[in-house]
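Engineer: Following is a predicted model, sequence given first.
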Amino acid sequence: MVLAAGQRSRCAVAVAAAFTALLAFGATEARADFRVCNATQNLVGVGIGYRAKAGWVTEGWWHVEGSSCKTLIEGPLASRFYYLYAEDAERGGRWDGPITMCVAEKEFKIAGVTDCVARGFQRAGFQEYDTGEQASWMVQLIDQPATGGDAAATGTPTP
């Protein structure tokens, strides 16, 4: 297909405008936060733990649809270490770790990580993520190959 000079000019302007819009969109997307991306096809419930000025806090549940991301903490990260626990709502698998913190059946924000059961909560094992004091971080929940059967998560700084 051959374009006339006027059409080529309009096409070049449209391409330049689209490129500028992409650059602007990319610049606004590079904000600081803690995000979880669900690379599975299933709905996942996520809880996070962190050290606040007043002490340890756990909160959840964020529902992260398959093949999507959710921001758990908006703005620059205030702590170096964050802790994550997630459950596959459809298959029953989980992403956990060795750090015990408190969770609840429904939406929660819990101060403190000790005596979970005595305070009416459940205990769950959270995985630690050392953000290296980055301003933002992303954890990606993935399925491991069928040999392991369990799910895995990876954490990386985000630009």
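Structural biologist: Cool, got the structure.

Engineer: which phi and psi does the most centrally placed residue in the chain have?
Structural biologist: Within the chain, the residue whose C-alpha comes closest to the C-alpha centroid is residue 36; the distance, by Cα atoms, centre = their mean, is 1.2 Å. When quoted as degrees, to the nearest 10, the phi and psi of residue 36 stand at phi -120, psi 130.

Engineer: what sits against it?
Structural biologist: The contact partners of residue 36, by Cβ atoms under 8 Å, 6 or more residues apart in numbering, come to 46, 62, 64, 69-70, 72, 84, 86, 138-141. Just so you know, the C-beta spots here come from the backbone N, C-alpha and C atoms, and that holds for glycine as well.

Engineer: which residue packs closest to residue 105, ignoring adjacent ones?
Structural biologist: For residue 105, ignoring the flanking residues on the chain, the nearest one in space by Cβ to Cβ, 6 or more residues apart in numbering is residue 122 at 7.6 Å.

Engineer: Contacts only, for the one you found.
Structural biologist: For residue 122, the residues meeting the contact criterion (Cβ under 8 Å, 6+ apart) are 102-105, 116.

Engineer: Now do residue 52 against residue 139, distance only.
Structural biologist: According to Cβ to Cβ, to the nearest Å, residue 52 stands 19 Å off from residue 139.
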